[in-house]
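Student: Need a 3D model of the sequence below.
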Amino acid sequence: MARKKNRRKLKNAVAIVGEGITEWHYFTDLKQTERYSFKVKPELPKHSDVDAIVKKAKKLLTDGYDKVLCLFDMDRIYTDKTENSKYLKHRNKLHNKKNKIGRQIIFYETMPCIEFWFLLHFINYSTGVYPDYNSLKSKLLSYLKGYDKSDKYFKKNKIYQILTTQGSIELAIDSAEKLVIEKDKSENTLFPFSEIHDLLSELKN
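Tutor: Prediction:
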């Protein structure tokens with residue numbers, strides 16, 4: 001009889017899965033700065049679709065993680081019918097639902113992308129519409145000089161530290177909380193919001 005693989009239990013283990021290098025660098029820097037113990041996956045990030053993120057999250061639960069926190073940029077999901085359909089299916093089935101041994105996957109959304117969360121560190125509560133990254137890039141650059149979505153930029157610039165020293169994490173959290181409330185009242189699918197503040201709260205807990 002073949003031996004069963006030993007899926008070891010990782011005590012209070014949390015992993016974060018993002019779509020690409022921006023998320024990986026932000027949360028890796030956050031982890032190092034705040035001395036958290038969560039893992040950021042995958043180690044060699046690349047732009048991933050919904051199925052790839054969910055597949056990775058499920059694998060991490062099987063590997064023994066208690067919680068897997070998944071980040072989604074909603075601009076592409078909202079504009080791609082196939083991705084939107086996949087996303088809704090996965091979210092309805094998995095989001096915040098514990099499996100038989102108490103492990104869970106939690107989805108966190110940002111519209112349009114994680115850079116909107118970055119922008120909230122510098123601006124007061126705003127409902128300006130940003131359909132995609134390019135639509136907010138110029139505004140973000142007015143606060144983050146030379147910002148670029150590239151390994152080269154992130155290796156030279158510790159993005160979490162920059163945001164929390166040049167900007168205000170308290171301002172970002174306050175604005176994000178207000179926007180989530182307003183978003184639930186709005187029928188505009190392009191309404192800007194971020195749930196990353198909830199993810200940060202989950203890490204602290």
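
Student: Can you mark which positions in whichever helix or strand E23 is part of are buried?
Tutor: Following DSSP states H and E, one finds E23 within helix 21-34. For helix 21-34, the neighbour count (16 or more other C-beta atoms under 10 Å) marks 21-31 as buried. For every residue, glycine as well, the C-beta is placed using N, CA and C.

Student: Now do the contacts for the residue nearest the centre of the chain.
Tutor: The centre of the chain sits closest to L71, judged by C-alpha atoms, centre = their mean, with a distance of 3.0 Å. Contacts for L71 (C-beta atoms under 8 Å, 6 or more residues apart in numbering) come out as 16-19, 23, 108, 110, 114, 196, 199.

Student: what's the answer for K98, then?
Tutor: Counted by C-beta under 8 Å, 6+ apart, K98 has contacts Q104.

Student: Could you list everything it pairs with in the sheet?
Tutor: Beta-bridge pairing of K98 under DSSP bridges involves Q104.

Student: Which SSE is immediately downstream of the helix holding E23?
Tutor: Counting by DSSP H and E, what follows helix 21-34 is strand 39-41.

Student: Which elements pack onto that following strand?
Tutor: Strand 39-41 sits against strand 14-17, helix 21-34, with contacts defined as 3 or more C-beta pairs under 8 Å, 6 or more residues apart in numbering; DSSP states H and E.

Student: who does that strand pair up with?
Tutor: strand 14-17 (parallel).

Student: If you count neighbours, what's buried in the strand it pairs with?
Tutor: For strand 14-17, by 16+ other C-beta under 10 Å, it's 14-17.

Student: Check stretch 67-87 too.
Tutor: 67-78, 83-84, 86-87.

Student: what about that stretch, average pLDDT?
Tutor: For stretch 67-87, the mean per-residue pLDDT is 95.

Student: Centre of the chain to it, how far?
Tutor: Computed by C-alpha atoms, centre = their mean, to the nearest Å, the separation of stretch 67-87 from the middle of its chain amounts to 11 Å.

Student: picking that back up, now tabulate the buried residues of strand 14-17 in TSV and tack on distance to S37.
Tutor: Shown next, in TSV, are the buried residues of strand 14-17 (distance: C-beta to C-beta, whole Å):
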residue	distance to S37
V14	8
A15	11
I16	12
V17	16
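
Student: Looking at those, which one is closest to E182?
Tutor: Using C-beta to C-beta, I16 comes nearest to E182 of the buried residues of strand 14-17, at 26.1 Å.

Student: sorry, back to before: mean pLDDT and distance to K97 added to the helices and strands packed on strand 39-41, as JSON lines?
Tutor: Formatted as JSON lines, those follow (pLDDT from 0 to 100; distance: least, C-beta to C-beta, whole Å):
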{"stretch": "strand 14-17", "mean pLDDT": "94", "distance to K97": "17"}
{"stretch": "helix 21-34", "mean pLDDT": "95", "distance to K97": "23"}
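
Student: Can you add distance to A52 and give those back as a markdown table?
Tutor: Putting the helices and strands packed on strand 39-41 into a markdown table (distance: least, C-beta to C-beta, whole Å) gives the following:
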| stretch | distance to A52 |
| --- | --- |
| strand 14-17 | 9 |
| helix 21-34 | 13 |
